[in-house]
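Novice: Sharing a model that was predicted from the sequence below.
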Amino acid sequence: MIAPTLKHRKKKLLLIYKKLYNAFGPRNWWPGDSPFEVMVGAILTQNTAWTNVEKAIGNLKRKKILSVGKLSRVNLKALKSLIKPSGFYNQKARRIKTFLKFLKSRGSKIGNLKKIDPGTLRQDLLNINGIGKETADSILLYALEKPIFVVDAYTKRMCSRHKLCNEKVEYDTLQALFMDNLPQKHSLFNEYHALIVELGKRFCKTRKPLCSECPLKGI
DNA sequence: CACCAGGCAAGTA
DNA sequence: TACTTGCATGGT
């Protein structure tokens, strides 16, 4: 049975947040020295563990080319080689190049993106080949600080295990569950998603389910 | 060795 | 709409 009433859903979502925050504390996610670094990281982390993304970002930083202008001038082959540790490097290198063209078409300034209505910008991002819903929303929330909730595999797993949705729930449906039942604050959405990731890494893996140490045990 | 990891797009029916 | 497949390295 899915959490039945509106009141029940709101309470449960807040309770989960409090439990996770008490267990893990503030996450300070997303790590990165600039919004642009966050955007690149959002593409690199597609279907990939963060530890592998860190190596790829580290390569770009070491070469001092983590900027729109510098990355645009790196040829595709060199870019592939630098981001290799993050996996899927052929398609990710192309996706980064495509994304760079989009940024340049908007003046290459993060401030320009912040001025666009979030709904319009989300659609613009989704129209870019290689940017899907999770990546678009990660950019909106973590790079541009828009109050958009990011859904990922861990979010689905946690919500279906705690009967907030079924296991085959669609992205938009699960996103609406959070956005319709929580205060519209980017800082809250940021912290909540980051806490879910922490929960997922520790307790929500497919191989190590339902650990007795899980802070959500029994709710 | 087998399987999993914070997706996405293109193709099929 | 609902499902399948390719993409690729690194960790357990």
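Specialist: Everything's here; your move. Keep in mind it's a predicted model, so treat the numbers as computed, not measured.

Novice: which non-adjacent residue is nearest the closest residue to DNA strand B within chain A?
Specialist: Here the residue of chain A nearest DNA strand B is A:Gly132; by Cβ to the nearest atom of the strand that distance is 2.4 Å. Just so you know, the C-beta spots here come from the backbone N, C-alpha and C atoms, and that holds for glycine as well. Leaving aside its sequence neighbours, A:Gly132 sits nearest to A:Leu126 (Cβ to Cβ, 6 or more residues apart in numbering; 7.1 Å).

Novice: which ones are touching the one you found?
Specialist: Residues near A:Leu126 by Cβ atoms under 8 Å, 6 or more residues apart in numbering: A:Gly132, A:Lys133, A:Ala136.

Novice: now it: how far from DNA strand C?
Specialist: As for A:Leu126, its distance to DNA strand C is 14 Å (criterion: Cβ to the nearest atom of the strand, to the nearest Å).

Novice: And A:Lys104, by the same measure?
Specialist: 23 Å.

Novice: thinking again about what came up before, now render the contacts of A:Leu126 as TSV, adding neighbour count and pLDDT.
Specialist: Shown next, in TSV, are the contacts of A:Leu126 (neighbours: other Cβ atoms under 10 Å; pLDDT from 0 to 100):
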residue	neighbour count	pLDDT
A:Gly132	13	93
A:Lys133	16	94
A:Ala136	21	94
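
Novice: Restricted to helices, list those.
Specialist: Of those, the ones assigned to helices by DSSP state H are A:Lys133, A:Ala136.

Novice: circling back: what about the residue of chain A closest to DNA strand B? Give its phi and psi, please.
Specialist: phi -100, psi -170 (degrees, to the nearest 10).

Novice: Give me the below-cutoff pLDDT ranges for chain A.
Specialist: Scanning chain A with the threshold set as pLDDT under 70 gives A:1-4, A:206-211.

Novice: Can you show me the helices along it?
Specialist: Under DSSP H, chain A gives helices at A:6-24, A:35-44, A:50-62, A:68-73, A:76-82, A:89-105, A:110-115, A:118-126, A:133-138, A:153-161, A:171-179, A:186-203.

Novice: which other helices and strands contact the fourth one?
Specialist: Contact here means 3 or more Cβ pairs under 8 Å, 6 or more residues apart in numbering; DSSP states H and E; on that basis helix A:68-73 packs against helix A:89-105.

Novice: do that again at 10 Å, thanks
Specialist: Other elements packing on helix A:68-73 under the criterion 3 or more Cβ pairs under 10 Å, 6 or more residues apart in numbering; DSSP states H and E are helix A:35-44, helix A:89-105.

Novice: Kind regards, and thank you for your time.
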